[in-house]
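Student: Need the 3D shape of this:
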Amino acid sequence: MGNPFSRVGVFFISILLYSNSVLSIIYKNDILEFDLLDSWKCDYEENMWTCSRAGKDPNIKQEIVVKIKRRGANDTLIHYLRKRKRQISQTQNHSKQFNSNLSTNSLKEILERKWVESLIVGINDKNEYDYFLATTEKNTALFITFRTNQHSYNNIKFNINWILSSIKITPEPLSTCFFIPDENQVGGCIVSGKMDCGE
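Tutor: The predicted structure is shown next:
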C-alpha cells in the first residue's frame, strides 16, 4: 500500500489545500480544529465527529470518526500500542480471515507529531480493514478511526491524510475542568464544545 505520509503525498495535499478548485470544510470545537473535503458531512456530538459520505456503491461504508478527550491514566502511546497488539493477537487466534501480512501496529512520527498507527485486517471478514490512529498532547488525547473494506481503504486513507495536514490542537490548562449543566440544571458535562472532564 506504500507510505501515505511520504514527502510527495504531503506536498500533493498541501497543493490541494490552497487550490481554489478544491473545497474543504473546517470542523472545530474549543480544543480541536481540522479540515475535510466538502464531499464529507460531519455530525458532532460529545467531542466526537462522525464523518460520512455517499460512495458509488451504497453498500460500502465510508465513515471516519474523529474523537478528542481529556487524557486519563491509560491515555499514553505505549498503552495504545499494547492494546492494539492484544487485539491483533486475539484476532489472529479467533479469526480464520486474519491477514498477518497487512496488519500493522507501530509508533511513528507523522507531520512532526508522534502517533500510534494500527491496522487490523480480517476481524470478521478477509476484506474488513479496521484502522486506528491516536496521539496525545499535554492533557488531550485524539483518535481517528474507520472500518471499511479493501476497495475503499486507500480512498478513505487519503482523506485521513487531509485531516492530519490541517489538525490544530489547543489543549486546556491542566488545572481547568469545565462542567456545564444543561438547561434544566441537570448535570451534563459537554455543551457548546466544552470538553468532558470525566469523573
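Student: what's near enough to touch the residue nearest the centre of the chain?
Tutor: Nearest residue to the geometric centre of the chain (Cα atoms, centre = their mean): Ile144, 0.7 Å. By Cβ atoms under 8 Å, 6 or more residues apart in numbering, the contact set of Ile144 is 64-67, 133-134, 160, 163-164. (C-beta placed from N, C-alpha, C; glycine too.)
Student: gap between it and Leu37?
Tutor: Separation of Ile144 from Leu37 (Cβ to Cβ, to the nearest Å): 15 Å.
Student: How about Phe143?
Tutor: Distance from Phe143 to Leu37, by Cβ to Cβ: 20 Å.
Student: quick one, helices of this protein?
Tutor: With DSSP state H as the criterion, the chain has helices at 7-17, 77-94, 150-166.
Student: just the ones you listed: most buried one?
Tutor: Highest mean neighbour count of those: helix 150-166, a mean of 18 (counted as mean count of other Cβ atoms under 10 Å).
Student: can I have that one written out in PDB, keeping just the CAs?
Tutor: What follows is helix 150-166, C-alpha atoms only, in PDB (Å, rounded to 0.1, in the frame of the first residue of the first chain):
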ATOM      1  CA  GLN A 150     -10.300  -3.300   0.800                       C
ATOM      2  CA  HIS A 151     -11.900  -1.500  -2.100                       C
ATOM      3  CA  SER A 152     -12.400   1.800  -0.100                       C
ATOM      4  CA  TYR A 153      -9.400   1.700   2.200                       C
ATOM      5  CA  ASN A 154      -6.900   3.800   0.200                       C
ATOM      6  CA  ASN A 155      -9.500   6.300  -0.700                       C
ATOM      7  CA  ILE A 156     -10.500   6.900   2.900                       C
ATOM      8  CA  LYS A 157      -6.800   6.800   4.000                       C
ATOM      9  CA  PHE A 158      -6.200   9.800   1.600                       C
ATOM     10  CA  ASN A 159      -8.900  11.700   3.500                       C
ATOM     11  CA  ILE A 160      -7.200  10.800   6.800                       C
ATOM     12  CA  ASN A 161      -4.000  12.400   5.400                       C
ATOM     13  CA  TRP A 162      -6.100  15.500   4.500                       C
ATOM     14  CA  ILE A 163      -7.300  15.700   8.200                       C
ATOM     15  CA  LEU A 164      -3.700  15.300   9.500                       C
ATOM     16  CA  SER A 165      -2.400  18.100   7.300                       C
ATOM     17  CA  SER A 166      -4.900  20.500   8.900                       C
END
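Student: can you tell which of the helices of the chain is closest to Arg113?
Tutor: Proximity to Arg113 (Cβ to Cβ) singles out helix 150-166 among these, at 8.2 Å.
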